[in-house]
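Enquirer: Provided below are the primary sequence and the corresponding predicted coordinates.
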Amino acid sequence: MNQSDFKASKAIQVTLWVTAVGIVAYWISYFTDGTVHSTADSCYHIFQRNFPAPDGMIAICAIATAVGLGKAREWSIYTGMTAVGGLLFLALIDISYNVWNDMYNGMHGPMVMETVINIFCLSVSAIITRYLWVNREHLRS
């Protein structure tokens, strides 16, 4: 692995760890101080309560992928693609909910943060997918 590939791998690993920690931090805030609540509407909270388990799976897969990439393990391709699929779903379901419920009309702190999270999920998904695809042969050897 050359220096450029090593730096890219480390950047991806850090991004995966940040993703996992961010997911945990989001849910701690949601269930404790509530600063991430975009609205007080009951339908929002009913919707949100469906996500801790899938988000937990994303976090576990992100950590596994970071560890696997650090050890150049082939299985990191599979855990990485599972994390990516979860991040894509998360972003698209949130965006869909926000559009259908006019959430973007009142951009305030938590809604701005949710929009940033959605953009992060879409961007990171594309970047990690590309990284795993380009490096799949290296990870298989």
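Expert: Thanks, I have the structure now. Residues are numbered from 1 along each chain as shown.
Enquirer: Next up, the contacts around residue 70.
Expert: Contacts of residue 70 were listed using CB atoms under 8 Å, 6 or more residues apart in numbering, and they are 9, 13. Every residue, glycine included, has its C-beta placed from N, CA and C.
Enquirer: next SSE after the helix or strand where residue 63 lies?
Expert: For residue 63, the element it lies in under DSSP states H and E is helix 52-70. On the C-terminal side of helix 52-70, the closest following helix or strand by DSSP H and E is helix 75-100.
Enquirer: report the angle between the axes of that next one and helix 52-70?
Expert: 140 degrees (axes from the mean of the first three to the mean of the last three CA atoms, to 10 degrees).
Enquirer: how close does residue 83 sit to residue 67?
Expert: 12 Å (CB to CB, to the nearest Å).
Enquirer: tell me, which helix in this structure spans the most residues?
Expert: If you go by DSSP state H, the chain has its longest helix at helix 3-31.
Enquirer: ok, back up a step: more neighbours: which of residue 83 and residue 67?
Expert: Using other CB atoms under 10 Å as the criterion, residue 83 and residue 67 rank with residue 83 on top: 28 against 16.
Enquirer: Check what pLDDT the more buried one gets.
Expert: Predicted confidence (pLDDT) for residue 83: 98.
Enquirer: same question, residue 4
Expert: Residue 4 is assigned 68 on the pLDDT scale.
Enquirer: Just the buried positions in the helix or strand where residue 115 lies, please.
Expert: Assigned by DSSP H and E, residue 115 falls within helix 109-134. Residues 110-111, 114-115, 117-118, 120-122, 124-125, 128-129, 131-132 are the ones in helix 109-134 that count as buried (16 or more other CB atoms under 10 Å).
Enquirer: pLDDT below threshold where in this protein?
Expert: Applying pLDDT under 70 to the chain picks out residues 1-4.
Enquirer: that older thread, buried ones in the longest helix of the chain?
Expert: Residues 8-9, 12-13, 15-17, 19-20, 22-23, 26-27, 30 are the ones in helix 3-31 that count as buried (16+ other CB under 10 Å).
Enquirer: Mind giving me the packing neighbours of it?
Expert: Packed against helix 3-31, as judged by 3 or more CB pairs under 8 Å, 6 or more residues apart in numbering; DSSP states H and E, are the following elements: helix 52-70, helix 75-100, helix 109-134.
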